[in-house]
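Engineer: no sequence for this one, just the structure:
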């Protein structure tokens, strides 16, 4: 599983997040080109306001794409992601979302499940603000 988490603070009540999660059912080897649209690979995308996760923004599923494994090291992997997502508004606001093309290089580092929390996507009983911002505490 590969999770990209980005937090952007544009000022008071304008903090935003972007989350991309890829589920890959194979070990990653240097030089691999993985077709993300083939089963059992899956991908999810979400973006919105940090204080309203799931209530504003755009959310959806991967419809096409490739993941290229450029470099594998002991605790990190350098990946090139070229993906297309079909997004919808959680409020069903017409024309707010649509198709998103995402192309970027990702440096992923290994993390263990017990290190992860709501920001990274591990469910637990938590304030929903914890899902929308890293390191949020009451």
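Structural biologist: Yep, that arrived. Everything quoted here is computed from the prediction, not taken from an experiment.
Engineer: contact partners of the longest strand along the chain?
Structural biologist: Longest strand in the chain by number of residues (criterion: DSSP state E): strand 58-72. Applying Cβ atoms under 8 Å, 6 or more residues apart in numbering, the contact partners of strand 58-72 are 2, 22, 24, 28-37, 42-48, 77-90, 96-97, 99-100, 102, 105. Where C-beta positions appear, they are placed from N, C-alpha and C, glycine not excepted.
Engineer: For the residue nearest the centre of the chain, identify the helix or strand it belongs to.
Structural biologist: Geometric centre of the chain, nearest residue: residue 20, 1.3 Å, by Cα atoms, centre = their mean. Per DSSP states H and E, residue 20 falls inside strand 15-23.
Engineer: pLDDT averaged over that strand, what's the number?
Structural biologist: Mean per-residue pLDDT for strand 15-23: 86.
Engineer: Check which helices and strands the helix or strand following that strand sits against.
Structural biologist: Using DSSP H and E, the helix or strand that follows strand 15-23 in sequence is strand 33-35. Counting by 3 or more Cβ pairs under 8 Å, 6 or more residues apart in numbering; DSSP states H and E, the packing neighbours recorded for strand 33-35 are strand 58-72.
Engineer: Fine by me, we can end here.
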